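>>> Give me a 3D structure for the following:
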Amino acid sequence: MSEKYAVRNIRLCEKDCLCLYVCPTGATDTENSIIDISKCIGCGVCAESCPSGAISMMPRQLPPQQKKSEAVISALNALIKSKIQQEEIARNLPGILGTVMEKSNRLMAEDLNREAGYMLPQSNNTRELLLSLKDAELAGDFPKEAVTRLLKLIEFNEAETVNEKWRCPVCGYIHEGPLPEDFECPMCKEPGSSFIRVEE
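Here you go, the predicted model:
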């Protein structure tokens, strides 16, 4: 079994279908356009032959989450804060340009969040988010069974950590996880330096 498998980006796929003819196992020949990982042998021929670059090779075993220094995380958090502010400004602009700028800043903030060490599928951050969604009181149509399934399917490659919690002394907001240096309460803007650690 190869260390990689093929995945198709459906948005990029132009239906040239060369992958159907070169795949030796028929893994690419599916009705839902999603490559069958159980049949894929990781030869990469489909990715090489795809004229639109819609197929790429993914490692079967994802690497551990990259550790970043506090200075890097602080810089990324400052960029995230800037993008959120720009998104709020763009939301008040009239016309299509304002809408486009709002969405663009939202996407950049999400990418920066991932780069800052959040939400890699195999990381503890993802596990903690899924566990919080599983235990939360959410709307009746929220797919909790999907959350449970993800917790079983994802191979987390970090040991579980005890998640610290901090309470804002002004409004009572609870922050989970370490407090960044420049953290402010999202509800009342109280600086993180005055937060009180919540003992379990």
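>>> where does this structure have low pLDDT?
Filtered on pLDDT under 70, the chain yields the residue ranges 1, 65-66, 117-119, 158-163, 200.
>>> all strands for it, in order.
Taking DSSP state E as the test, the strands found in the chain are 4-8, 55-59, 165-167, 174-176, 196-198.
>>> Starting from the fourth one, tell me which strands it pairs with and how they run.
In other words, strand 174-176. With DSSP bridges as the test, strand 174-176 is paired with strand 165-167 (antiparallel).
>>> Return the set of buried residues in the partner strand.
Trp166 (16 or more other C-beta atoms under 10 Å). Quick note: C-beta positions are derived from backbone N, CA and C, even for glycine.
>>> Grab the nearest non-local neighbour of Glu184.
Distance criterion C-beta to C-beta, 6 or more residues apart in numbering; nearest residue to Glu184, sequence neighbours excluded, is Pro191 at 5.9 Å.
>>> Number of residues surrounding that neighbour?
13 (other C-beta atoms under 10 Å).
>>> try Cys168
21.
>>> and the closest residue to it other than its chain neighbours, how many neighbours does it have?
Distances taken as C-beta to C-beta, 6+ apart place Cys185 nearest to Cys168, at 4.5 Å, with adjacent residues excluded. Neighbourhood size, Cys185 [other C-beta under 10 Å]: 20.
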